[in-house]
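Asker: Below is the structure, and that's it, no one-letter string:
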């Protein structure tokens, strides 16, 4: 098998060298007192893997994320925060949906499509996240609390907008593949 990051031969999905650069991330409390459950800190091979997934459609990472966080979660429906429609068309992938599907498989639960995707958003990765704060419109109200799923948590703007759309009382926790380092965040970011 080839390493998902460096493409060297390895026994697992990620070779030992790349795996050594992936730091597990700790749970933290974000806005509205909601628990953020990240798999990895957003650096090293984890950053490369999410980039490969979002912009090149290279798979394997959603399953690794799901296995990493599943034991820390209850069996509740998962709801992906959708990628903007134009970005999904351009890159052919919605990373949050793929992570949600993998997580639902690990938890043996269902995926709920609660949000309509936005038509278009400006690219925010690596840029000023305060310039364009997303808004989400609900398709359906969830009948029970859900686990929101997104790909990366940096400033929290996307997650915060999704929580406000659904209502904090209906969100059990938020799961992300990668989260900015704790030293770069304060509680509530």
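Answerer: In hand now; what should we look at? These numbers come from a predicted model, not from an experiment.
Asker: from here on, contacts and neighbour counts on C-alpha atoms
Answerer: Fine.
Asker: so residue 35 sits right up against residue 173, yeah?
Answerer: Yes: counting by CA atoms under 8 Å, residue 35 does reach residue 173; the two are 4.8 Å apart.
Asker: out of those two, which sits in the more crowded spot?
Answerer: Using other CA atoms under 10 Å, the more surrounded residue of residue 35 and residue 173 is residue 173, with 22 against 17.
Asker: correct me, but that one touches residue 38?
Answerer: No: at 10.4 Å, residue 173 does not count as touching residue 38 under the criterion of CA under 8 Å.
Asker: any chance you could map the helices in the chain?
Answerer: 16-19, 44-56, 61-69, 85-91, 95-107, 157-166 (DSSP state H).
Asker: Count the neighbours of residue 155 for me.
Answerer: Neighbourhood size, residue 155 [other CA under 10 Å]: 18.
Asker: Please apply the same query to the one 5 residues further on.
Answerer: Using other CA under 10 Å, residue 160 is surrounded by 19 other residues.
Asker: Skipping adjacent residues, who's closest to it in space?
Answerer: residue 31 (7.2 Å; CA to CA, 6 or more residues apart in numbering).
Asker: got a pLDDT number for the one you found?
Answerer: Note on residue 31: pLDDT of 89.
Asker: same deal with residue 121?
Answerer: So residue 121 comes in at 67 (pLDDT).
Asker: Also residue 86?
Answerer: In this prediction, residue 86 carries a pLDDT score of 83.
Asker: Quick check: it vs residue 21, distance?
Answerer: 32 Å (CA to CA, to the nearest Å).
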